[in-house]
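S.K.: one predicted model, sequence on top.
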Amino acid sequence: MASRMFSKGVTSLILLSSLASPSFAGGLERGGYNIDQLFDTSPFSFQSGITYVTPQRKLKDVRDTNTSIFTGGGNLNSRPDSADETANYTIPYIGFKAGFGDAVDCLVDYSVPFGGHSNPGSNWAGANNNIETEIKTRNYGGTCSYRFDVGAGQLRFIGGAFYQEVEGFKERLVSTVPIGLGIGTGIGRLDIDDSGWGWRAGLAYEIPEYAMRASLVYNSRVKYDNLTGTVDLRQVPVVPLYGGLVTPVSGSAEAPDSLELKLQSGIAPDWLAFGSVKWTNWSVLQSVAFCPTNGLPCPAGGLTSLDLFYRDGWTISGGIGHKFNEQWAAAVSLTWDRGTSQGYGSQTDSWTLGLGAAYTPTEHIEWRVAGALGILTSGESGTFVYNGRTYGNDVSYSFGNDLVTALSTSLKIKF
């Protein structure tokens, strides 16, 4: 009887655990890769959800350190020395899971694993570094698993593939000369896009009567070998060779691979403990250079570049869930994410407290809501040397401990 109470009390919490901690992770993390719906015990399920995140990173003590009117946007130190760097964003998710017999489960899903959006604007002392930068991804995945009895539980082999699209742009102040002459804004813009394929593989072991599951899943890199677009300098006619032109450019980059271990188990009737450790290979993204494709020479470091200089990310999370009655369950979690910046950029460690609840009015419908409150720790940004070149010598700044909040909701229909 006790084991049956474990199963009955925590069934709705198994998938709730992943929604209890929407967080602001390092690198270009958005929703990441999440295949928890694959473990849904219903023969079929449809789930749709959205997370809204409001990071509040504020830059201060900003100093323009490249005051050249031709390459550094001029002396901007008369502009405000602070700026709100981050922009709010949403993370959608849609998934459909189907079971085939007693052994095979498959999931098709749409998600936004990666992205980034900073929008400090033009009225700050670091406008020569960034006015607005945004990167978006769209991910279409298919994942299946095969499970069979091993010992007291079941072993599950997991495999799948996904197609990923990326697009983005960056604007910064290149020169102040056109402003003085009244012939342009001095702002240059980069636009890029590409697509690629990735794959995943993993293992899971489950003992359903105790709501116990351990899973280890690897997601491959996605290679963007044909990252193409344009550099628009029509508002900056003073730049030699490229000024006043829209120049086609190309480059290459990779979305990172990752490895995640997830654990969960019933610890008492109606109670569930869960945790995870995730490694993300953000160090594959350093400086992404873009060179002209129309025969013009490529300057050292590219006509322009996206300078990230990330280190690998680590995310550790743990929490407790409880089912109050047949309709209501809740979970609380604490997440630590290691910052990916290395003295260049503003991505430092973060701590996030998450709280989620699930309401199940019938056996076929489940509504979930979750929220999170986190701290983005303090730091500073300056120069960074990579492959013998110095980056970050255009602007320096610092930042204090800032807040991040998030709200998430989803609806699942099971049949």
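M.R.: Everything's here; your move.
S.K.: for the stretch 1-150 of the chain, what spans make up the helices?
M.R.: 2-10, 13-16 (DSSP state H, counting those that start in this stretch).
S.K.: can you tell me which of the ones you listed the model trusts least?
M.R.: For those, mean pLDDT drops lowest on helix 2-10, to a mean of 43.
S.K.: surely residue 209 is within a helix?
M.R.: Yes: if the criterion is DSSP: H, G, I helix; E, B strand; the rest coil, then residue 209 is within a helix.
S.K.: what stretches of the stretch 251-400 of the chain score poorly on pLDDT?
M.R.: Of all residues in the stretch 251-400 of the chain, none has pLDDT under 70.
S.K.: which parts of it are strands?
M.R.: For the stretch 251-400 of the chain, strands defined by DSSP state E, counting those that start in this stretch occupy the ranges 258-268, 271-280, 287-292, 304-307, 313-323, 328-337, 350-362, 365-376, 379-381, 384-386, 389-391, 395-399.
S.K.: the second one pairs with which strands, parallel or anti?
M.R.: Meaning strand 271-280. The strands beside strand 271-280 in its sheet (DSSP bridges) come out as strand 258-268 (antiparallel), strand 313-323 (antiparallel).
S.K.: just the CA coordinates for the last one, please, in PDB.
M.R.: Extracted C-alpha coordinates of strand 313-323, given in PDB (Å, rounded to 0.1, in the frame of the first residue of the first chain):
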ATOM      1  CA  GLY A 313      28.200  27.100 -18.100                       C
ATOM      2  CA  TRP A 314      27.200  25.000 -15.200                       C
ATOM      3  CA  THR A 315      23.600  24.900 -13.800                       C
ATOM      4  CA  ILE A 316      22.700  23.100 -10.600                       C
ATOM      5  CA  SER A 317      19.100  22.900  -9.300                       C
ATOM      6  CA  GLY A 318      17.300  21.100  -6.600                       C
ATOM      7  CA  GLY A 319      13.800  21.200  -5.000                       C
ATOM      8  CA  ILE A 320      10.900  19.600  -3.300                       C
ATOM      9  CA  GLY A 321       7.300  19.000  -4.500                       C
ATOM     10  CA  HIS A 322       4.100  18.200  -2.600                       C
ATOM     11  CA  LYS A 323       0.600  17.100  -3.700                       C
END
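S.K.: quick revisit: nearest to residue 222, of the strands of the stretch 251-400 of the chain?
M.R.: Closest to residue 222 of the strands of the stretch 251-400 of the chain is strand 258-268 (C-beta to C-beta; 11.1 Å). Heads up, the C-betas are built off the backbone N, CA and C, glycines and all.
S.K.: pull out the buried residues from that closest one.
M.R.: For strand 258-268, a neighbour-count test (16 or more other C-beta atoms under 10 Å) marks 258, 260, 262, 264-267 as buried.
S.K.: same question for stretch 402-415.
M.R.: 402, 404-406, 408-410, 412, 414.
S.K.: and stretch 112-120, by the same measure?
M.R.: 112-120.
S.K.: one more: stretch 46-65?
M.R.: 46-47, 49, 51, 53, 55, 57-59, 62, 64-65.
S.K.: and if you look at stretch 94-104?
M.R.: For stretch 94-104, the neighbour count (16+ other C-beta under 10 Å) marks 95-99 as buried.
S.K.: likewise stretch 196-216?
M.R.: Neighbour count says stretch 196-216 has 196, 198-200, 202, 204-213, 215-216 buried, by 16+ other C-beta under 10 Å.
S.K.: among those, which are located in helices?
M.R.: Per DSSP state H, helices hold no members of those.
S.K.: in strands, which of these fall?
M.R.: 196, 198-200, 202, 204-207, 212-213, 215-216 (DSSP state E).
S.K.: between those residues, which sits nearest residue 104?
M.R.: Nearest to residue 104 among those, with distances taken as C-beta to C-beta, is residue 204, at 13.8 Å.
S.K.: may I have the beta-bridge partners of the closest one?
M.R.: residue 156, residue 215.
S.K.: does it really touch residue 158, like I thought?
M.R.: Yes: counting by C-beta atoms under 8 Å, residue 158 is a contact partner of residue 204 at 6.4 Å.
S.K.: shared neighbours, these two?
M.R.: 145, 215 (C-beta atoms under 8 Å, 6 or more residues apart in numbering).
S.K.: distance-wise, check the closest residue to residue 126 other than its chain neighbours relative to residue 176.
M.R.: Once flanking residues are discounted, residue 126 sits nearest to residue 395: 4.0 Å by C-beta to C-beta, 6 or more residues apart in numbering. Per C-beta to C-beta, to the nearest Å, residue 395 is found 15 Å from residue 176.
S.K.: with residue 117 instead?
M.R.: Separation of residue 117 from residue 176 (C-beta to C-beta): 26 Å.
S.K.: likewise residue 354?
M.R.: 45 Å.
S.K.: touching, residue 225 and residue 252? I think so.
M.R.: Yes: the pair residue 225 / residue 252 is scored as a contact, 5.1 Å apart, by C-beta under 8 Å.
S.K.: so what sits opposite residue 273 in the bridge?
M.R.: According to DSSP bridges, beta-bridge pairing links residue 273 with residue 265, residue 320.
S.K.: list the contacts for it?
M.R.: Counted by C-beta under 8 Å, 6+ apart, residue 273 has contacts 264-265, 267, 318-321.
S.K.: dump those residues into JSON lines; add distance to residue 76 as well.
M.R.: Shown next, in JSON lines, are the contacts of residue 273 (distance: C-beta to C-beta, whole Å):
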{"residue": "264", "distance to residue 76": "51"}
{"residue": "265", "distance to residue 76": "56"}
{"residue": "267", "distance to residue 76": "57"}
{"residue": "318", "distance to residue 76": "45"}
{"residue": "319", "distance to residue 76": "45"}
{"residue": "320", "distance to residue 76": "50"}
{"residue": "321", "distance to residue 76": "50"}
